[in-house]
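In: Here is a sequence together with a model predicted from it:
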Amino acid sequence: MKQFIPAIKYLLLFVIGITLLVLAFKGQDVYQLIADLKKADYKWVFASLVACFIAHIIRVIRWRAMITSLGHGTPSLLNAFYAVMIGYMANVAFPRMGEVSRCGVINKTDNIPIVKLIGTVIVERIVDLLMLAIVLALGIMLQFDLLSDFLYKNVLIKLNGSAGNLTILIFATLILILAIGFLYLLLKKKKLGIRNRIYKFFLDVKSGILSVKDLENKGGFVLSSIFIWFLYGLSTYFCFFALDSTSGLGGLASLSVLVFSSLGMIVPVQGGIGAFHYMVSEGLVVYDIPKSEGLAYALLIHSSQTLLVLFAGAISVILLMLKSSKPSQNGKA
């Protein structure tokens, strides 16, 4: 039965994503949506993808610098690129699986401890959350009347009332049960060495997290983090021009949509499906963009970026397999 639990979990998340997608498109004219997508100016979609791809490259370079600071060697730029793109591709199918997948790739190609690599990915996620918080704060400060009302109605208000209280209570109870179970394992399994292994695991993760303090170019790390999110915003902005209905939106609107889309991607469903479309389309209503046009925009940018990730990830898998097969052909494996 245990072997089916992961499959059930991912299936459940997939169902949640599809449900959110259905809710987002409920009551919309599908034929009109298709017509809007056919009329889209795809050169701006391409420009949007270029900005997004450059952001991925900078993320690869930043992660590579973090791995170097671990003291276990430096993976080649290509290996790091393959790992990141394979990780993105894995996230499309299995939420949060990509973080482990890319660490596994570098572990296989460069023999760097996977647990320490996980620590560097944790740092990346913390930095991303900090950047999202900064972007959110900037958006609210610059467009307080618009965004504060939207976030209250679509995020905060969802936690109000008996249903919200029950959700929080269930979540807190699960956390408590997990914590108690974890302590039980620590106390009762000393003879099996489980406590020591867990302790070593957390030490390795900690060393990965603290690797950021050993970076040679800390300023470059900060600037690259800012530039990654600037490019995400630029990608959002470029895609506005692909549709007539959104072509009049400016830089502040792209800042807001970046927040909406990021909040949608945080939801642990495959590739942000459903949640992304709902948040972006609802957010664009704030700028007097009809729901159907907002969905067209959300579908355009999400689909194009997902296809980019799938294509780059698939190519990375193929090239990595070809690369790893060469030694065996030469009798060196």
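Out: In hand now; what should we look at? Remember, predicted model here, so these are calculated numbers, not experimental data. Residues are numbered from 1 along each chain as shown.

In: tell me which residues of stretch 64-76 are tucked away?
Out: Residues R64, A65, M66, I67, T68, S69, L70, P75 are the ones in stretch 64-76 that count as buried (16 or more other C-beta atoms under 10 Å). Backbone N, C-alpha and C define where each C-beta goes, glycine included.

In: Name the nearest of the residues you listed relative to L223.
Out: When the buried residues of stretch 64-76 are compared for distance to L223 (C-beta to C-beta), A65 wins out at 11.9 Å.

In: I'd like to know how far the closest one sits from V286.
Out: 38 Å (C-beta to C-beta, to the nearest Å).

In: Taking the buried residues of stretch 64-76, tell me the two that lie furthest apart.
Out: Longest span within the buried residues of stretch 64-76, C-beta to C-beta: S69 and P75, 12.7 Å.

In: Quick one: the buried residues of stretch 64-76 as JSON lines, columns for distance to L136 and secondary structure too.
Out: Shown next, in JSON lines, are these (distance: C-beta to C-beta, whole Å; DSSP: H, G, I helix; E, B strand; the rest coil):
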{"residue": "R64", "distance to L136": "28", "secondary structure": "helix"}
{"residue": "A65", "distance to L136": "27", "secondary structure": "helix"}
{"residue": "M66", "distance to L136": "25", "secondary structure": "helix"}
{"residue": "I67", "distance to L136": "29", "secondary structure": "helix"}
{"residue": "T68", "distance to L136": "31", "secondary structure": "helix"}
{"residue": "S69", "distance to L136": "29", "secondary structure": "coil"}
{"residue": "L70", "distance to L136": "31", "secondary structure": "coil"}
{"residue": "P75", "distance to L136": "33", "secondary structure": "coil"}
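
In: out of the residues you listed, who's nearest L146?
Out: Ranked by distance to L146 (C-beta to C-beta), the buried residues of stretch 64-76 are led by M66 at 36.7 Å.

In: With adjacent residues omitted, what lies nearest to that closest one?
Out: The shortest distance from M66 to any non-neighbouring residue, by C-beta to C-beta, 6 or more residues apart in numbering, is to T120 (4.4 Å).

In: Ok, L320 next?
Out: In this structure, L320 finds its nearest non-sequential neighbour in Y82, 4.9 Å apart by C-beta to C-beta, 6+ apart.

In: pretty sure that neighbour contacts L319?
Out: Yes - counting by C-beta atoms under 8 Å, L319 is a contact partner of Y82 at 6.6 Å.

In: my guess is the residue nearest to M66 meets P75, correct?
Out: No - with contact defined as C-beta under 8 Å, T120 does not reach P75; the gap is 11.6 Å.

In: Need the overlap of contacts for those two.
Out: Contact criterion C-beta atoms under 8 Å, 6 or more residues apart in numbering; residues bridging T120 and P75 by contacting each: I67.

In: helices or strands up against the biggest helix by length in the chain?
Out: As assigned by DSSP state H, the longest helix anywhere in the chain is helix 291-329. Packing partners of helix 291-329 (3 or more C-beta pairs under 8 Å, 6 or more residues apart in numbering; DSSP states H and E): helix 5-25, helix 30-38, helix 42-68, helix 77-93, helix 97-110, helix 218-240, helix 251-266, helix 275-285.

In: Packed most tightly, which of the ones you listed would that be?
Out: Most buried of those by mean neighbour count (mean count of other C-beta atoms under 10 Å) is helix 275-285; its value is a mean of 24.

In: the inter-axis angle of that one versus helix 218-240?
Out: 70 degrees (axes from the mean of the first three to the mean of the last three C-alpha atoms, to 10 degrees).
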